[in-house]
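Colleague: got a predicted structure plus its sequence, pasted below:
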Amino acid sequence: MNYVEQDNYGMYAVSDSNGPGPRLMGADTLMGNDVFNRQDEDLGDIKEIMLDVAAGRISYAVLSFGGLLGMGEKLFAVPWEALTLDTDNKRFILDVAKDRLESAPGFDKDNWPNMSDQNWAKDVHTYYGTTPPEVVIL
């Protein structure tokens, strides 16, 4: 399901943005969206969106890949900056080959990493070619 199909309140009927899609979107309207790569291969779908509450920004989208009916799926924390919204096809684009994603650092639903660990974050950002944001200390 995509943000247009989940638009219960008509908030996306009028776009006031010069970019792809609305400038502001509800997080739950993005969960479940498909993720494809530039070769048009299906990489999975968004299961969760992780917020850096102290900094007031989105840090990661948790991507589910592989498995069947939720069994054997692997989860990946993908830096938000690595994703592009494809409004024409109502999905996200992640510029990563499918075989590279298969070997990406991931986790299972019962063993999530400490996403606030700066060493973990650095490794994930390095893998996807993005720059970690500055850390906000409360």
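Modeller: Here it is on my side, so go on.
Colleague: in this structure, where is pLDDT below threshold?
Modeller: Low-confidence regions of the chain, defined here as pLDDT under 70, cover residues 1-23, 67-72, 135-138.
Colleague: pull the longest strand from it.
Modeller: As assigned by DSSP state E, the longest strand anywhere in the chain is strand 42-52.
Colleague: other residues contacting that strand?
Modeller: Under the contact criterion CB atoms under 8 Å, 6 or more residues apart in numbering, strand 42-52 has outside partners 27, 30-37, 57-66, 73, 75, 77, 92, 94, 96, 98, 101, 115, 133, 136. (Each C-beta comes from the backbone N, C-alpha and C, glycine too.)
Colleague: out of those, which are inside strands?
Modeller: 34-36, 57-65, 75, 77, 92, 94.
Colleague: distance of residue 131 from residue 34?
Modeller: In this view, residue 131 and residue 34 are 26 Å apart by CB to CB, to the nearest Å.
Colleague: who has more neighbours out of these two?
Modeller: Neighbours around residue 131 and residue 34, counted as other CB atoms under 10 Å, are more numerous at residue 34. The numbers are 17 against 10.
Colleague: buried ones in stretch 24-37?
Modeller: 29-31, 33-37 (16 or more other CB atoms under 10 Å).
Colleague: sorry, back to before: in ChimeraX, how would I select just the buried ones from the ones in strands among the contacts of strand 42-52?
Modeller: Below is the selection syntax for ChimeraX that covers the buried ones among the ones in strands among the contacts of strand 42-52, with 16+ other CB under 10 Å defining burial:
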select :34,35,36,58,59,60,61,62,63,64,65,75,77,92,94
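Colleague: from the ones in strands among the contacts of strand 42-52, pick the one nearest residue 124.
Modeller: Taking CB to CB as the measure, residue 77 is the one of the ones in strands among the contacts of strand 42-52 closest to residue 124, at 5.8 Å.
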